[in-house]
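Peer 1: quick one, fold the following:
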Amino acid sequence: MSRLLSDRALLDRLVGFDSTSRESNLPLADFICDYVDRPSVRITRNPSADGRKTNLLIRLGPEESQGLTLSGHMDVVPAEEDGWHSDPFTLTEEGERLVGRGAADMKGFLALAMNRLAALDPAALKHPLALLFTYDEEIGTLGARRFTETWSGEVLPRDVIIGEPTSLRVVRLHKGMLRLRLGFEGVAAHSGFPHLGRNAIEPAARAIVALTQLRRTLEAERPPHGEHFPDVPFTALNVGTVHGGSAANVIPDRCTIELGIRLLPETMAETVTALIRETVREAMPQESFSLELVSESPAMMLAPDADIYRALCTLVRQRESLGVAFATDAGWLQRVGFRCVLFGPGSIEVAHRANEFVPVADLSRGAGLLENIVRARCFDS
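Peer 2: This next block holds a predicted model:
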């Protein structure tokens, strides 16, 4: 059992691990397990298929579906932006800010969650507290999907707080993220003999024109639940990347287009995929193409009368219903019956940017709020 650190000191240790998705997260997972390990704590590793990554499930208290689960992802995005004032993997205090990669998204919440569990007296718990920490959320919620697909169904608290940086506001809806890859094949040839080849970029260009029109059509629609996302109340389609050709004097034999689609809650990925396929087919009925799924992060929506949502809103005195446009692990967890809200220190507006930070005040206030909700859910109810 490790000596407990302050929340700030623990965040310093967590930031010190380079847990970008190109690296294994096992060193960070080992540290977390060692830190929380003590009598009565049950730790389960849920490894990725290749064994280089792992989810962590850490439980304390009785085995039942009441209680509370605190969830967050261990990975961070790369720290390769220009403009960092300090080493991204060394937590640095700048006035009232704690700066470092992952300070907001979302190692600040991990530190709060770990310390809340580590300080508990297991004999006093009436209902369990669990921590569910995942890998590779940033590249497609891969760890959460792995957990839900391999989870053996053991009893866990079904009310879940996912500590995404929401500036300590309670969020009950978020959009999903669908990534698709559209491919065209041609025949390579010397550009001086165009009759010997077939250019793959040209049909791809026609597809982009058709998809641009589809994007405009989607932007004019107002589907259900769009009102919770007032800035973008529709399914958002983005032609993200185009790759084709090798040189100006070579007829390109392939071209690929990667699409990103932000889905509203209850908008089915299969429906949107079929719409894109039909749009491209109608634009060029004589051309063959491929359309493959790259990744899916489902949308999330929790009922406004859910106990965990109402309890957190009461705690922070929040009346408005909030939705966010980014995807999280909640989409997968919701599919297997977990009731998820987003709630954590820091702002998403500073995540994925140079000098990412969590306010010192957010970390301190977040600790107190989590202690209150843990007590209400695991001790007094």
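
Peer 1: tell me which residues in stretch 356-373 are buried?
Peer 2: Residues of stretch 356-373 classed as buried: E356, F357, V358, P359, V360, D362, L363, G366, A367, L369, L370, I373 (neighbour count, 16 or more other CB atoms under 10 Å). Using the backbone N, CA and C atoms, a C-beta is placed for each residue, glycine as well.

Peer 1: same question for it, mean pLDDT?
Peer 2: Averaged across stretch 356-373, the pLDDT comes to 97.

Peer 1: same question for stretch 7-25.
Peer 2: 97.

Peer 1: how far does it sit from its chain's centre?
Peer 2: Computed by CA atoms, centre = their mean, to the nearest Å, the chain-centroid distance of stretch 7-25 equals 17 Å.

Peer 1: so where's the stretch 101-250 of the chain shaky on pLDDT?
Peer 2: For the stretch 101-250 of the chain, applying pLDDT under 70 flags no range at all.

Peer 1: now, the buried residues of stretch 356-373 that are in helices?
Peer 2: Mapping the buried residues of stretch 356-373 onto helices (DSSP state H) picks out V360, D362, L363, G366, A367, L369, L370, I373.

Peer 1: now these as JSON lines including distance to A124?
Peer 2: Below are those laid out as JSON lines (distance: CB to CB, whole Å):
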{"residue": "V360", "distance to A124": "30"}
{"residue": "D362", "distance to A124": "28"}
{"residue": "L363", "distance to A124": "25"}
{"residue": "G366", "distance to A124": "22"}
{"residue": "A367", "distance to A124": "19"}
{"residue": "L369", "distance to A124": "20"}
{"residue": "L370", "distance to A124": "17"}
{"residue": "I373", "distance to A124": "16"}
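
Peer 1: so which of these comes closest to P194?
Peer 2: Using CB to CB, D362 comes nearest to P194 of these, at 60.6 Å.

Peer 1: isn't the closest one up against S167?
Peer 2: Yes: applying CB atoms under 8 Å as the test, D362 and S167 come out as touching, 7.0 Å apart.

Peer 1: check which helix or strand the nearest residue to K107 once chain neighbours are set aside maps to.
Peer 2: Once flanking residues are discounted, K107 sits nearest to L14: 4.2 Å by CB to CB, 6 or more residues apart in numbering. Taking DSSP states H and E as the criterion, L14 maps to helix 7-15.

Peer 1: that helix packs against which elements?
Peer 2: Helices and strands touching helix 7-15, by 3 or more CB pairs under 8 Å, 6 or more residues apart in numbering; DSSP states H and E, are helix 26-36, helix 108-118, helix 360-375.

Peer 1: over to the spatially most central residue of the chain. Which of the three states is it?
Peer 2: Note on the chain: the residue nearest the mean C-alpha position is T328, at 3.2 Å, using CA atoms, centre = their mean. For T328, the assignment made with DSSP: H, G, I helix; E, B strand; the rest coil gives coil.

Peer 1: is it correct that it is in contact with T141?
Peer 2: Yes: T328 is in contact with T141 according to CB under 8 Å; the separation is 7.1 Å.

Peer 1: mutual contacts of these two, please.
Peer 2: The contact sets of T328 and T141 overlap at S297 (CB atoms under 8 Å, 6 or more residues apart in numbering).

Peer 1: ok, now which ones touch R365?
Peer 2: L168, P345.

Peer 1: and it, how far is that from G95?
Peer 2: Here the criterion is CB to CB, to the nearest Å. By it, R365 lies 17 Å from G95.

Peer 1: still on that earlier bit, can you tell me which residues contact the residue nearest to the centre of the chain?
Peer 2: When contacts are counted by CB under 8 Å, 6+ apart, T328 touches E137, T141, I162, E164, H174, S297, M300, L342.

Peer 1: dump the helices and strands packed on helix 7-15 to JSON lines, plus distance to A236.
Peer 2: Below are these laid out as JSON lines (distance: least, CB to CB, whole Å):
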{"stretch": "helix 26-36", "distance to A236": "33"}
{"stretch": "helix 108-118", "distance to A236": "27"}
{"stretch": "helix 360-375", "distance to A236": "29"}
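
Peer 1: before I go, just wanted to say thanks for your time.
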